[in-house]
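# Predicted model and sequence below, questions to follow.
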Amino acid sequence: MILIPEKNAVLVTPRNPVRLHKLIPTSKLVSYKGRRSVAVPHRLDETRVLCNMGLAVPSPILHDYDWPRSRQIKNPFDAQKQTASFLTLNPRSFVLNDLGTGKTLACLWAFDYLRKLGQANKLLITCPLSTMERVWADELFMNFQHLRYITLHHSNKQGRLKLLEKHKEADVFIINHHGAKVITQELADLGCDTVIIDEISQCCRNKTDIWKAHNVIINGHKPARSVWGLTATPTPNEPTDAYWQVKLLNPSKVKMYFTAFKRNVMTQINQFTWVPKADAIDQVDRLMSPAVRYRRDQCVDLPPTIHMTREVALTKPQAVAFDTMKKHLYAQIEAGEITAVNEAVKASKLVQIACGVLYDEDGKEHVVGAEPRIAECLNLIRESDSKAIVFVPFRSVISLVADGIRKAGYDVGVIHGGVPSKERDVIFQGFQKAMNPQIIVAQPASMSHGLTLTAASSIIWYAPLPNNEVYEQANGRITRPGQKYTTVIAHIESTPEERRIYYRLKNKQKMQGLLLAKKDAEVA
């Protein structure tokens, strides 16, 4: 097989050229170096036929697509190109790429290319609430100005339906998983021929409303042509997690009942205990094909550090406390009680509430809870391909976060100003050179100088702190010589105030004006 991009053709010399020519009517019989060969147009439909015959022909997207991108993106990474290529050739497939490998943009490029060929029309994206705006909507806004999109997020069904009715002519619809189960039939009736299920591992149980809703949407009376399931952790709990994901994406691939599959991949020890078999991973890999998988350490052209943002909702107690505090602070601004000297301290009161702890006038702590933030922290940990460090700006919140991570089964080391030096050394040595701890939860000022912790390639900021030096030094624990992987710095936020702080930290800007500048361009 010879690919000739400049002639938009694939030259194939099969055993039976006439048979191939009949199979692909658009091809031509030619002579190449004295042998009868077949020249096949390098177009998508013809390429799919060749791939089905076992020939590794790349998608024409690699040669005839002008990859739309913002000024910040010079060129797509090779992993992104190959992922997009794979998706154009595999209408129902899995993307198992690691966190930070650019799979969001790769999927959008694949859809945009299919749309330009007339093989796709409308796209539905279902995803975690935390990635609706700060991941999917942001990528569309920055890179695909020609696509109309709408995020279907509202506190009730009627609100979502009004948004849907108002923007039914959009090209891309974004909704969170739980929102999809609220307006399931309306989404199914949209007729979206392409569906992306981000974090499809949340559909690993068929009895859940989320699985049932997605099944109606993609396999109902108007089945979607292309469905791509994205997750870096396809089997977060056990090998059987793969079964219902495949049943959703490629129902015809599942040839056995769930109980039979479970016995194939797991061994029953007693009435309540099952353990994976030695070949469970291989069986899962075969079941979840076609799939593309890029680990972060395979992507040599990734930038040294990737920043990402996850947006989470405040709980009701947090929201009430936050609004009360915000009104109080702006009343102080009007009264002239907040100046550039003390506004960072005042702004930190808002961040404390977002973290899950509130202080009263006597300095007493009140835990108001931050379950969505801890859950998102765990999601990022699961998606990471190595150990991770979670930075928490307030010492009083550290135990809250550490306990939440421990409950998920991780070994956690805790670092703050009250931890003795010897205990810290044991934690750092174990983290860098042994199996445990898997996660360090730390107050950033306690780890901002000198340490090398390259066993981690991901840092998760549970909340921001308004100090450029500490932020840079804390991130420097993993962005050091000896780091083998592209590093990920993930920001968790719930409010415009936090977003404003993160923006300034990332761009090394001064912190003056966090409250006094009521409307900053960076969060507009």
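Received the coordinates, thanks.
# Strands of the stretch 1-150 of the chain, residue ranges please.
2-4, 9-12, 28-32, 35-41, 92-95, 123-127, 149-151 (DSSP state E, counting those that start in this stretch).
# Nearest to residue 447 among those would be which one?
Closest of the strands of the stretch 1-150 of the chain to residue 447 is strand 123-127, at 32.1 Å (criterion: C-beta to C-beta). Where C-beta positions appear, they are placed from N, C-alpha and C, glycine not excepted.
# Any idea which of the strands of the stretch 1-150 of the chain has the lowest pLDDT on average?
When these are compared on mean pLDDT, strand 2-4 scores lowest, with a mean of 82.
# Can you report how many residues neighbour the nearest residue to residue 296 once chain neighbours are set aside?
Excluding the flanking residues, the one nearest residue 296 by C-beta to C-beta, 6 or more residues apart in numbering is residue 98, at 4.4 Å. Using other C-beta atoms under 10 Å, residue 98 is surrounded by 24 other residues.
# what's the following helix or strand after the longest helix along the chain?
Ranked by residue count, the top helix of the chain under DSSP state H comes out as helix 316-334. Sequence-wise, the next helix or strand downstream of helix 316-334 (DSSP states H and E) is helix 343-355.
# And that next one, what's buried?
343, 344, 346, 347, 348, 349, 350, 351, 352, 353, 354, 355 (16 or more other C-beta atoms under 10 Å).
# Tell me where the stretch 301-450 of the chain has helices.
316-334, 343-355, 371-383, 395-407, 421-433 (DSSP state H, counting those that start in this stretch).
# closest one to residue 289 among those helices?
Closest among these, once you apply C-beta to C-beta, is helix 371-383, at 21.3 Å.
# Give the buried residues for the closest one.
For helix 371-383, burial by neighbour count (16+ other C-beta under 10 Å) applies to 372, 373, 374, 376, 377, 378, 379, 380, 381, 382, 383.
# quick revisit: want to try JSON lines for the strands of the stretch 1-150 of the chain, with mean neighbour count and distance to residue 504 as columns?
Compiled in JSON lines, the strands of the stretch 1-150 of the chain are given as follows (neighbours: other C-beta atoms under 10 Å; distance: least, C-beta to C-beta, whole Å):
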{"stretch": "strand 2-4", "mean neighbour count": "12", "distance to residue 504": "48"}
{"stretch": "strand 9-12", "mean neighbour count": "20", "distance to residue 504": "52"}
{"stretch": "strand 28-32", "mean neighbour count": "12", "distance to residue 504": "61"}
{"stretch": "strand 35-41", "mean neighbour count": "18", "distance to residue 504": "52"}
{"stretch": "strand 92-95", "mean neighbour count": "24", "distance to residue 504": "33"}
{"stretch": "strand 123-127", "mean neighbour count": "27", "distance to residue 504": "27"}
{"stretch": "strand 149-151", "mean neighbour count": "19", "distance to residue 504": "25"}
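# Would you tell me which of the ones you listed gets closest to residue 114?
That would be strand 123-127 among the strands of the stretch 1-150 of the chain, by C-beta to C-beta, at 9.4 Å.
# Pick out whichever of the buried residues of helix 343-355 sits closest to residue 66.
Nearest to residue 66 among the buried residues of helix 343-355, with distances taken as C-beta to C-beta, is residue 354, at 41.3 Å.
# quick one: the closest one and residue 373 touch, right?
Yes: using C-beta atoms under 8 Å, residue 354 is in contact with residue 373, at 7.4 Å.
# Contact partners for the spatially closest residue to residue 58 that is not a sequence neighbour?
Counting by C-beta to C-beta, 6+ apart, residue 58 lies nearest to residue 85, which is 5.6 Å off, once chain neighbours are set aside. By C-beta atoms under 8 Å, 6 or more residues apart in numbering, residue 85 lies in contact with 58, 59, 61, 62, 110.
# now swap in residue 374 and tell me
356, 400, 401, 404, 405.
# burial count for the third one?
In this case it means residue 401. 28.
# try the second one
When neighbours are defined as other C-beta under 10 Å, residue 400 has 20 of them.
# How about it: what's its closest non-neighbour residue?
Per C-beta to C-beta, 6+ apart, closest to residue 400 is residue 356, 5.7 Å.
# if I look at that neighbour, how far off is residue 297?
34 Å (C-beta to C-beta, to the nearest Å).
# Equivalent analysis for residue 511, please.
Residue 511 is 35 Å from residue 297, by C-beta to C-beta.
# Those two: which is more packed in?
residue 511 (17 against 14).
# ok, for that one, nearest residue in space, not its chain neighbours?
Distances taken as C-beta to C-beta, 6+ apart place residue 466 nearest to residue 511, at 4.4 Å, with adjacent residues excluded.
# how about that neighbour, what does it touch?
By C-beta under 8 Å, 6+ apart, residue 466 lies in contact with 344, 347, 348, 501, 504, 505, 511, 514.
# export those residues to CSV and tack on distance to residue 166?
Converted to CSV, the contacts of residue 466 look like this (distance: C-beta to C-beta, whole Å):
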residue, distance to residue 166
344, 40
347, 36
348, 39
501, 33
504, 35
505, 36
511, 39
514, 35
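# In contact with residue 353, which residues?
Here residue 353 is in contact with 314, 318, 321, 322, 325, 368 (C-beta under 8 Å, 6+ apart).
# could you redo the last one with a cut-off of 10 Å?
Taking C-beta atoms under 10 Å, 6 or more residues apart in numbering, we find residue 353 in contact with 314, 317-326, 359, 366, 368, 370, 494-495.
# Buried among these? Need that as a selection in PyMOL.
To isolate in PyMOL the members of the contacts of residue 353 that are buried, counting by 16+ other C-beta under 10 Å, one can use:
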select buried, resi 314+317+318+319+321+322+325+326+368+370+494+495
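# Against residue 134, how distant is residue 190?
To residue 134, residue 190 is 24 Å away according to C-beta to C-beta.
# which residue packs closest to the residue positioned nearest the centre of the chain, ignoring adjacent ones?
Centroid-nearest residue in the chain, with C-alpha atoms, centre = their mean: residue 99, separated by 6.4 Å. Nearest residue to residue 99 in three dimensions, chain neighbours excluded: residue 383, at 4.0 Å (C-beta to C-beta, 6+ apart).
# do residue 70 as well
That would be residue 142: by C-beta to C-beta, 6+ apart, it lies 4.3 Å from residue 70.
# That neighbour reaches residue 104, doesn't it?
No: under the criterion of C-beta atoms under 10 Å, residue 142 makes no contact with residue 104, lying 11.2 Å away.
# Need the pLDDT of residue 111.
pLDDT, read off for residue 111, is 98.
# Show the model's pLDDT score for the residue of the chain most remote from its centre.
Farthest-out residue of the chain from its mean C-alpha position, per C-alpha atoms, centre = their mean: residue 34, at 51.5 Å. If you check residue 34, the pLDDT there is 85.
# Please report how far it lies from residue 13.
10 Å.
# swap in residue 389?
Using C-beta to C-beta, residue 389 is found at 55 Å from residue 13.
# Could you find the closest non-adjacent residue to residue 360?
Using C-beta to C-beta, 6+ apart and skipping the chain neighbours, the partner closest in space to residue 360 is residue 366 (6.5 Å).
# wait, isn't the one you found in contact with residue 400?
No: between residue 366 and residue 400 there is no contact, the gap being 11.9 Å when judged by C-beta under 10 Å.
# Spell out which residues are contacts of both of those two.
Both residue 366 and residue 400 are contacted by 356, 357, under the criterion C-beta under 10 Å, 6+ apart.
# need the contact list for the residue nearest to residue 70.
68, 69, 70, 71, 72, 73, 105.
# Next, the distance between the ends of stretch 290-298.
End-to-end distance of stretch 290-298: 19 Å, with C-alpha to C-alpha, to the nearest Å as the criterion.
# Give me the mean pLDDT for that stretch.
For stretch 290-298, the mean confidence score works out to 92.
# who touches both of residue 354 and residue 373?
Shared contacts of residue 354 and residue 373, defined by C-beta under 10 Å, 6+ apart, are found at 312, 314, 318, 397, 462, 463, 492, 493, 494.
# Can you add pLDDT and distance to residue 39 and give those back as TSV?
Below are the shared contacts of residue 354 and residue 373 laid out as TSV (pLDDT from 0 to 100; distance: C-beta to C-beta, whole Å):
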residue	pLDDT	distance to residue 39
312	95	54
314	93	61
318	91	64
397	91	65
462	97	58
463	96	60
492	97	54
493	96	54
494	95	58
